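Novice: Here's a sequence, model it:
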Amino acid sequence: KLLYLLLCVAGTVLPWSQFGPWAMNHGLDVRQLVNEAFSGKISAFAWLDVLVSAVVVLVFVVAEGRRLGVRHLWAPFFGMFTVGVSLALPLFLLLRQIRLDERSTEA
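Specialist: This is a model prediction of the structure:
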């Protein structure tokens, strides 16, 4: 659980260390953000990879979360839309592990 928590911190701090200064300079200019994100083939590749991964993570959160009865499934969604996959996935895995630990003590 500690590793997942540390990954949540890293998954928040590292992306925001780049986005924060950009947002301070440009505001929330979505058009410029999209233009810069898709300014080259490699950056477009990376963004499309992240977008597909985001969809996969959200589907996994819903399916696995419901199957196991994980609480607070809203939190990974919030993490996805405020930070990204780098927070949403480790946060869900943390919540999932907490639930698995609860289930093992219930048995």
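Novice: Tell me the helices and strands packed up against the longest helix seen in the chain.
Specialist: Using DSSP state H to define each element, the chain has its longest helix at helix 41-68. Under the contact criterion of 3 or more C-beta pairs under 8 Å, 6 or more residues apart in numbering; DSSP states H and E, helix 41-68 touches helix 30-37, helix 74-82, helix 85-106. Using the backbone N, CA and C atoms, a C-beta is placed for each residue, glycine as well.
Novice: Give me the angle between that helix and helix 30-37.
Specialist: Orientation check (axes from the mean of the first three to the mean of the last three C-alpha atoms, to 10 degrees): helix 41-68 against helix 30-37 gives 110 degrees.
Novice: Next, format the helices and strands packed on helix 41-68 as CSV and append mean neighbour count.
Specialist: What follows is the helices and strands packed on helix 41-68, written out as CSV (neighbours: other C-beta atoms under 10 Å):
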stretch, mean neighbour count
helix 30-37, 12
helix 74-82, 17
helix 85-106, 17
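Novice: Among these, show the one with the smallest mean pLDDT.
Specialist: Sorting the helices and strands packed on helix 41-68 by mean pLDDT places helix 30-37 lowest, at a mean of 93.
Novice: How far off centre is whichever strand or helix holds M24?
Specialist: Here M24 sits within helix 2-26, counting by DSSP states H and E. In terms of C-alpha atoms, centre = their mean, to the nearest Å, the centre of helix 2-26 is set 11 Å apart from its chain centre.
Novice: Which strands and helices lie in contact with it?
Specialist: Short answer (3+ C-beta pairs under 8 Å, 6+ apart): helix 2-26 packs on helix 30-37, helix 85-106.
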